[in-house]
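>>> quick one: sequence plus predicted model below, questions after.
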Amino acid sequence: MLIIEEVQRLKHNANNWIEETTRQQSLFPQAVELPVVQLNQLQYVGFRYGLLYESLYEVFKRFNFHWLRNKLLLDLVIARIAQPSSKLRSIEFLKEFFGVEHGRRELYRQIPIILKTRNTIESMILEIAKKEFAFNFSVVFYDVTTLYFESFQEDELRRSGFSKDNKFTQPQILLGLLVSGEGFPVGYQIFEGKKFEGHTLIPIILRFKRKHKIERLTVVAAAAMISIENIKALTKVHLNYIVGARAANLPVIGVNVSRPAIKRKRFANLRAELYWKIRDSLRLGILSLPDDDLLAGDLTSIKYSFDHLGRVALENKEKTKNRINRSPDTGDALALSYAGTFNIEEMDDDDTDDRKERLALRAESKWTVPGRDTSTVSRWSVGNNGKRRFGKGQ
């Protein structure tokens, strides 16, 4: 106690000296003495993660989840993010770390109500995807994971099967998830645990397509998902697909773009033909470009003309590089991807269908890039017939 009293006396003298020397008054009256408590008189009762809880709740407000008016659901989601566990354990976790209390009876009463909010929640999430990530339903990525249960009792949904968690003796369910290009979830579906993951693709894609009335959609999935049956089912409903595979297993094919074109009578070389395929795909609305200014600049900077045989010929690449002060490598990469649309080893001189193809393209008066504001793309011009032209006369 003598040490404490000595410290208080020294602080009192120091405050008096400060006031007399600096003429500054203390913010707190000298008469107010803050109590000093010994540590051996205190008892530790725990702490709470208030910042984490409040931060996640603000994110939920950004998603408009607070309009669901179901605090238990939001609290369970917070617990799932902070400490994944069962629902009963989540209730204990919420009380222990956040000071939020929910009873078991409330949980069991709310579960049927929570199940009915699925469509509403999906709609809210899609609105966020459209607003914050410019999601336009043109491309989705699909994958499957497994969720196991700490039980050995099966039912119609919880079944033993191939487990990605190496829990082959415990029942599980399959979760199929659709995400945007940024990895933001836009749809999901639950399947029985023993179902082969390749058989989950078509049901969830068709449900997603019908629900949102989608006309054009490209599905990106792992090679295990894209079987012959799935390809037939996708093409039947006019959906495109991209198969993911290990780069080490893919063959490397050299492409000489200066070699003669497949359609020699129409194009001066293969490079002109590949770029023309991009042009036709854009005019027909079957190609959606990413929001990439570098790619747009490459594609709109390349000019074309006609050689002495009346064939389409692109300007020399060196001229393009000198004009834009860089090499149009991004545009070339996209053009080279079109080399896989035909066998470049097969040189066909038969141009009997060329005229029909060109007439069909001329009849197509619309040019669209889904999900892109075409006003931001430079060097597109409009001809006398009101049709947009690429490169010519820029």
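The structure has been received and is ready for your questions.
>>> show me the shaky parts of the stretch 101-250 of the chain.
Within the stretch 101-250 of the chain, the stretches falling below the threshold (pLDDT under 70) are 245-250.
>>> element containing the residue nearest to I81 when sequence neighbours are not counted?
Here the nearest residue to I81 in space, its sequence neighbours aside, is L56; by Cβ to Cβ, 6 or more residues apart in numbering that works out to 6.4 Å. (Glycine included, C-beta is placed from N, CA and C.) Assigned by DSSP states H and E, L56 falls within helix 50-62.
>>> quick check: angle from the next helix or strand after that helix to helix 50-62?
Next in sequence after helix 50-62, counting helices and strands by DSSP H and E, comes helix 71-82. Counting by axes from the mean of the first three to the mean of the last three Cα atoms, to 10 degrees, helix 71-82 points 120 degrees away from the direction of helix 50-62.
>>> tell me which other helices or strands helix 71-82 touches.
With contacts defined as 3 or more Cβ pairs under 8 Å, 6 or more residues apart in numbering; DSSP states H and E, helix 71-82 has these neighbours: helix 50-62, helix 87-93, helix 104-115.
>>> tell me the buried residues in it?
L72, L73, L74, D75, L76, I78, A79, A82 (16 or more other Cβ atoms under 10 Å).
>>> what is the mean pLDDT for it?
For helix 71-82, the mean pLDDT works out to 94.
>>> with distance to R159 as new columns, can the buried residues of helix 71-82 be given to me in a markdown table?
Written out in a markdown table, the entries for the buried residues of helix 71-82 read as follows (distance: Cβ to Cβ, whole Å):
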| residue | distance to R159 |
| --- | --- |
| L72 | 29 |
| L73 | 27 |
| L74 | 31 |
| D75 | 30 |
| L76 | 25 |
| I78 | 30 |
| A79 | 27 |
| A82 | 30 |
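>>> and which of those is nearest to V100?
The shortest approach to V100 among the buried residues of helix 71-82 belongs to D75, at 5.6 Å (Cβ to Cβ).
>>> so how far is F93 from that closest one?
10 Å (Cβ to Cβ, to the nearest Å).
>>> do the same with E19
Remark: distance between E19 and F93 (Cβ to Cβ) = 52 Å.
>>> try Q170
22 Å.
>>> so which of the two has more stuff around it?
With other Cβ atoms under 10 Å as the criterion, Q170 and F93 differ in neighbour count, and F93 comes out ahead with 21 against 17.
>>> sec struct for I173, please.
Assigned with DSSP: H, G, I helix; E, B strand; the rest coil, I173 falls in the strand class.
>>> now do the contacts for it.
Residues in contact with I173, defined by Cβ atoms under 8 Å, 6 or more residues apart in numbering, are T146, L147, L157, R158, I190, F191, E192, G193.
>>> closest one of those to P35?
Checking those against P35 by Cβ to Cβ gives L147 as the nearest, at 53.1 Å.
>>> buried stuff in the host helix or strand of that closest one?
Assigned by DSSP H and E, L147 falls within strand 139-148. Going by neighbour count (16+ other Cβ under 10 Å), the buried part of strand 139-148 is V139, V140, F141, Y142, D143, V144, T146, Y148.
>>> list buried residues within the contacts of I173.
For the contacts of I173, a neighbour count by 16+ other Cβ under 10 Å gives the buried set as T146, R158, F191, E192, G193.
>>> check the gap between the closest residue to F60 other than its chain neighbours and F63 for me.
Closest residue to F60 apart from its sequence neighbours, by Cβ to Cβ, 6+ apart: L74 at 5.5 Å. In this view, L74 and F63 are 10 Å apart by Cβ to Cβ.
>>> so, low pLDDT: which residues of the stretch 251-394 of the chain?
Flagging of the stretch 251-394 of the chain using pLDDT under 70 yields the residue ranges 251, 340-394.
>>> quick one: the helices in the chain?
2-22, 50-62, 71-82, 87-93, 104-115, 118-133, 201-212, 228-236, 270-283, 293-301, 317-324, 329-337, 354-363 (DSSP state H).
>>> out of those helices, deepest packed?
Of all the helices of the chain, helix 270-283 carries the top mean neighbour count, a mean of 21, counting by mean count of other Cβ atoms under 10 Å.
>>> and it, C-alpha only, in CSV?
Output of helix 270-283 as CSV, limited to C-alpha atoms (Å, rounded to 0.1, in the frame of the first residue of the first chain):
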residue,chain,number,x,y,z
LEU,A,270,-3.9,-18.5,-91.8
ARG,A,271,-3.5,-15.4,-89.5
ALA,A,272,-6.1,-13.5,-91.5
GLU,A,273,-8.5,-16.4,-91.4
LEU,A,274,-8.1,-16.8,-87.6
TYR,A,275,-8.8,-13.2,-86.9
TRP,A,276,-11.7,-13.3,-89.3
LYS,A,277,-13.2,-16.1,-87.3
ILE,A,278,-13.1,-13.8,-84.2
ARG,A,279,-14.9,-11.1,-86.3
ASP,A,280,-17.6,-13.5,-87.5
SER,A,281,-18.1,-14.9,-84.0
LEU,A,282,-18.6,-11.3,-82.6
ARG,A,283,-21.0,-10.3,-85.4
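>>> correct me, but V100 touches E54?
No: between V100 and E54 there is no contact under Cβ atoms under 8 Å: 11.5 Å.
>>> now for these two: what residues contact both?
For the pair V100 and E54, no residue contacts each of them under the criterion Cβ under 8 Å, 6+ apart.
>>> how is this protein carved up into domains?
Domain segmentation of the chain under automatic domain parsing yields 50-115, 135-249, 270-390.
>>> burial count for the closest residue to K277 other than its chain neighbours?
Across the structure, with Cβ to Cβ, 6+ apart as the measure, the residue nearest K277 apart from its sequence neighbours is Y338 (4.5 Å). When neighbours are counted by other Cβ under 10 Å, Y338 registers 19.
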